[in-house]
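Novice: Fold the stuff below for me.
(chains A and B)
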Amino acid sequence: MGGLQTTVREDAPDLSFEGERVKPDWLFDFLKQPHTIRPGLRARMPDFRLTDEEALALTEFLGTLRERDAQPLPESMKYSGTISREYREAARLLTSKDYLDCFKCHVLGDKTPGGKPQEWAPDLIKAATRLNPDWIIRWIQDPPKYQPGTRMPVFFPDKDSGPEDILEGDEQQQIAALRGYIMSLGDGGRSSQAYRAAKESYPEVTAAMGRSLMVKLNCVGCHNVATLPDGKRVGPSLAHEGSRVQRAWLLGFLRNPTVITPGYDLLGLEARMPNFRLSEAESKALADYFEQHLVDTTLSKDPVGDPEATGQLAEQGERLFEEKECRSCHRIGSKAGGIGPVLTGARDKLKRGWVHAFIRNPQHFLPTTNMPNLKLTEEEARAVGAFLVAP
Amino acid sequence: MSMVMTGAAWGYDGGDVSNGGTVSGAVKLRGDAPASRKLEVTKDQEVCGKDGKVSQELVVSPDKGIRYAVVSLTDIKKGKKAAGAAVELNQQGCSFQPHVVVVPAGGTLDILNNDGILHNFHTHSTLNPSINKAQPKFKKKMSEKFEKPEIVKVSCDAHAWMSGWIVVAAHPYYAVTDESGAFKLENVPPGTYTLEVWQESLGKVAREVTVKPREETKLTIELSKK
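Specialist: Numbering: from 1, shown residues only, chains lettered A, B, ... in the order given. The predicted structure follows:
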C-alpha cells in the first residue's frame, strides 16, 4: 500500500470486496447518513452530503467489487431464508461462553460486552440488514483474508477446528448455523426503499460514475480498494490556518462544513470537506490546536485589526481592488468573479492581519497558490485589507 | 552435513562442538527504572484477576537487571545443534507465559489455553505469515510453525492488555534474560561474534565478543531509555 500512511487508513475498512459484503439498499442509506458500525475503530466515516444521484453512483460502483476467484458455496451452505430448529439450537451453543463466546466482543442490541467501547465488535442485531448471507459464511471462514489486521480471529482454520459435540463436528454446518442465526436476529433484514427509488429516479447513473466519484471525493484516501489508485492529500494546506481564520468562523465551519467554495476546484482541489459530526468539545479541541500550532510565526499570535484603518483607507482599497483586477479572479457577493476563492463574508472569516500579510507575499504562506504577487506596497496592502475585512 | 535440520536454511550449520566456550553476563538499565505501568483488566475478571497486573514491557530488578531482553549471536554460522522439542506458550491468567518465548525457525510452538475462556492468538509479523486464530475454551492446545527468523509481537484481541513476543531463532545461540538480567550462551565455538541485545521498549544494541576455548567470557551490556 503506497500513498498515504495514516491511522485512518489502517482503520478504514478495505472495500475491495464490498459488493460481496453489503446489500445495496443498506449501503445507499449508510452513504447518505453514515453511522458507527465498528465501535473499535478510531476513525469515523464522515458525511459527504451526497446527493441521491451521487450515493446511487457510489452504491452501484461498490456493488461491482466482487471476489472474482471465489469458490461457489456448496449447496448445503446456500441460504434458505429461514433457520431450522436444529441450527438454532446449534447456534445458541456455538455462540455461548463454552464455545465461540461471540458476545465477549460483539454487541447484541442493548447487551454490550465487557470492557470499553473501543474493544467492542459490531452489533450482530444490525448485521442481517447490512450483510449478504453468503458473505457471512465467507467472512467467518477467513476474516483476515478480507480485512487484513482485523481483530476478528479465524475460528475454523481447518477440518478439526469446530467442537466435536455440535452438529457432529461438521464445521461447514456449524458456520451455516451461525449465519442462519445472525440472519434471524434483529428486524430480519429489512431496509428502506430509498435505493430502489433513487434507481428509478436516476436510470442514467452508472457504476463508472461512482468509480470517478470515489477518486474525486478521495474515498481512497482512507479505504483500500484493490482496483483503484491510492488516495492523495486533497484538502487545502492548513499550515497557517490558526493565523488565517477567526475562531468563531472555524468552530462553525468544523461543526457544519459549508459546501465547497467554487474557487477551490481551480486550486486543484476537487475534494469536499465532509462533516465529521464533531461534538462541541471536539471542535473546540481542534480550534485550540489550530490556534496554538498551525500558525505562521512571522505574524503576531493574534493579528488583530489595523487600528489606523479608516473609511478612507477602505475606499482606497476598493479602488485598488478594481485597478488591480482582483475581481477577474475573486467574486464578492453577487458581483462577477473567476478562479479565486469567493471573498464574500471575508470579514467574518479571516483574521484582519492575515489579509494584508498574505496579499504582500502569497507564496510565503501558500507556495502552490495561483495568486500572483501584485507587488503592492505595505500601504496599498493595508488598504485592500481594510476594504475586505475592516469592520 | 547432509541432514536437513532446523536453521539450516538460514546459513547455519549445526553439529558437534568441541572446545566450546561460554558467553555470560547481564543486561542492565542505565538510568532510573520507570514505575511499572498498571494494566487495566476490563473483562473476565473472575479468571484474569482484577488488579495487580503490570505491564512486562520493562521489568527491572533492584540492581537494574533487565528481564526479558533477548541476547543472541547474530553472525554465527556453525555451532551446536538446535533443540528439537516443541516450545510452549501458555495463555494463562490472561497473560502470555512466558512473556518472551524463543522458538527455532522451522520449529513448532504449542499454544496452550487452560484459562477456560475464549482467547485468540494474533501475531504481528513481517516475514512470517500473520496468524489470527481463535482459541476457545474447548481448544486447549494449538500448534503453529514459524519458518523465518524474526521477533514477532503477539496479542489476544479478546483481552486488549495481553501482549507477548515470539523470537523465531535462526540458530541455538539465543537467550532471554532472567529476573536479574542474567543470560548465558553455552558451547559456543571459539571465535569473534557480534552479540546483539534486543528489548521491546529499549531497542537493540550490538557488541563484539570473543569466545575462547573452554573459557567463560563475561560482559555487562547497558541499555538506556531513548
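Novice: downstream neighbour of the one helix or strand A:Gly242 maps to in the secondary structure list?
Specialist: In this assignment (DSSP states H and E), A:Gly242 forms part of helix A:241-244. Next helix or strand after helix A:241-244 toward the C-terminus (DSSP H and E): helix A:247-255.
Novice: What residues does chain A have near chain B?
Specialist: Within chain A, the positions near chain B by C-beta under 8 Å from any C-beta of the partner chain are A:97-101, A:104-105, A:113-116, A:119, A:143-144, A:148-155, A:157, A:161, A:163. C-betas here are computed from N, CA, C, even on glycine.
Novice: Below-threshold pLDDT in chain B: ranges please.
Specialist: B:1-10 (pLDDT under 70).
Novice: do that again at 80, thanks
Specialist: Along chain B, segments meeting pLDDT under 80 span B:1-10, B:50-52, B:84, B:226.
Novice: returning to what we had before: mean confidence for the helix holding A:Gly242?
Specialist: Mean per-residue pLDDT for helix A:241-244: 91.
Novice: Name the residues that touch it?
Specialist: By C-beta atoms under 8 Å, 6 or more residues apart in numbering or on different chains, the residues outside helix A:241-244 that reach it are A:250, A:290-296, A:299, A:303, A:350-351, A:353-354, A:358, A:365.
Novice: Generate a ChimeraX selection restricted to the buried subset of those residues.
Specialist: Restricted to buried positions by 16 or more other C-beta atoms under 10 Å in any protein chain shown, the ChimeraX selection for these reads:
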select /A:250,290,291,294,295,296,299,303,350,351,353,354,358,365
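Novice: Tell me which of the contacts of helix A:241-244 has the lowest pLDDT.
Specialist: Ranked by pLDDT, the contacts of helix A:241-244 bottom out at A:Pro303, which scores 51.
Novice: List buried residues within the residues of chain A next to chain B.
Specialist: The neighbour count (16+ other C-beta under 10 Å) marks A:98-101, A:104-105, A:113, A:115, A:119, A:143-144, A:150-155, A:157, A:161, A:163 as buried among the residues of chain A next to chain B.
Novice: Mind checking which of those land in helices?
Specialist: Members of these lying in helices (criterion: DSSP state H): A:143-144.
Novice: for the stretch 101-250 of chain A, what are the low-confidence residue spans?
Specialist: Within the stretch 101-250 of chain A, the stretches with pLDDT under 80 are A:186-191, A:234.
Novice: Quick one: the helices in it, in order.
Specialist: Secondary structure of the stretch 101-250 of chain A (DSSP state H, counting those that start in this stretch): helices at A:127-130, A:133-141, A:143-146, A:171-184, A:194-201, A:207-216, A:241-244, A:247-255.
Novice: which of the ones you listed sits most buried?
Specialist: Among the helices of the stretch 101-250 of chain A, ranked by average contacts under mean count of other C-beta atoms under 10 Å in any protein chain shown, first place goes to helix A:241-244 (a mean of 24).
Novice: Output that one in PDB with nothing but the alpha carbons.
Specialist: Extracted in PDB, the C-alpha atoms of helix A:241-244 (Å, rounded to 0.1, in the frame of the first residue of the first chain):
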ATOM      1  CA  GLU A 241      -4.900  28.000   9.500                       C
ATOM      2  CA  GLY A 242      -4.600  29.300  13.000                       C
ATOM      3  CA  SER A 243      -3.200  32.600  11.700                       C
ATOM      4  CA  ARG A 244      -5.700  32.800   8.900                       C
END
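Novice: Tell me the gap between it and the middle of its chain.
Specialist: How far helix A:241-244 lies from its chain's middle: 24 Å, per C-alpha atoms, centre = their mean, to the nearest Å.
Novice: thinking again about what came up before, nearest to B:Leu223 among the helices of the stretch 101-250 of chain A would be which one?
Specialist: Of all the helices of the stretch 101-250 of chain A, it is helix A:143-146 that lies closest to B:Leu223, at 34.2 Å by C-beta to C-beta.
Novice: quick one: contacts of the closest one?
Specialist: With C-beta under 8 Å, 6+ apart, helix A:143-146 has contacts from A:14, A:16-17, A:21, A:138-139, A:150, A:152-154, B:130, B:132.
Novice: Now, these that are in strands?
Specialist: B:Asn132 (DSSP state E).
Novice: could the contacts of helix A:143-146 be laid out in JSON lines, adding distance to A:Lys232?
Specialist: Listed next are the contacts of helix A:143-146 as JSON lines, based on distance: C-beta to C-beta, whole Å:
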{"residue": "A:Asp14", "distance to A:Lys232": "18"}
{"residue": "A:Ser16", "distance to A:Lys232": "19"}
{"residue": "A:Phe17", "distance to A:Lys232": "23"}
{"residue": "A:Arg21", "distance to A:Lys232": "26"}
{"residue": "A:Arg138", "distance to A:Lys232": "31"}
{"residue": "A:Trp139", "distance to A:Lys232": "30"}
{"residue": "A:Thr150", "distance to A:Lys232": "26"}
{"residue": "A:Met152", "distance to A:Lys232": "30"}
{"residue": "A:Pro153", "distance to A:Lys232": "34"}
{"residue": "A:Val154", "distance to A:Lys232": "34"}
{"residue": "B:Ser130", "distance to A:Lys232": "28"}
{"residue": "B:Asn132", "distance to A:Lys232": "31"}
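Novice: hang on, A:Leu374 in a helix?
Specialist: No. Per DSSP: H, G, I helix; E, B strand; the rest coil, A:Leu374 lies outside any helix segment and is coil.
Novice: ok, which residues in chain B are in contact with chain A?
Specialist: Within chain B, the residues that sit near chain A (C-beta under 8 Å from any C-beta) are B:42-44, B:117-118, B:120-122, B:130, B:132-134, B:136-139, B:157-158, B:160.
Novice: Give me the buried entries from the residues you listed.
Specialist: Taking 16+ other C-beta under 10 Å as the criterion, what is buried in these is B:42-44, B:117-118, B:120-122, B:132-134, B:136-139, B:157-158, B:160.
Novice: List the residues that contact A:Gln199.
Specialist: One thing to correct before we go on: residue A:199 is Lys, not Gln. By C-beta under 8 Å, 6+ apart, the neighbours of A:Lys199 are A:56, A:205.
Novice: Might one say that B:Ala170 is in contact with B:Ala105?
Specialist: Yes. Between B:Ala170 and B:Ala105 there is a contact under C-beta atoms under 8 Å: 5.6 Å.
Novice: Return the subset of the residues of chain B next to chain A lying in strands.
Specialist: Those of the residues of chain B next to chain A lying in strands (DSSP E): B:120-122, B:132-134.
Novice: all helices of chain B, in order?
Specialist: Counting by DSSP H, chain B has helices at residues B:45-48.
Novice: Which single residue of the stretch 201-350 of chain A ends up nearest chain B?
Specialist: Proximity of the stretch 201-350 of chain A to chain B (C-beta to the nearest C-beta) peaks at A:Asn224, 16.1 Å away.
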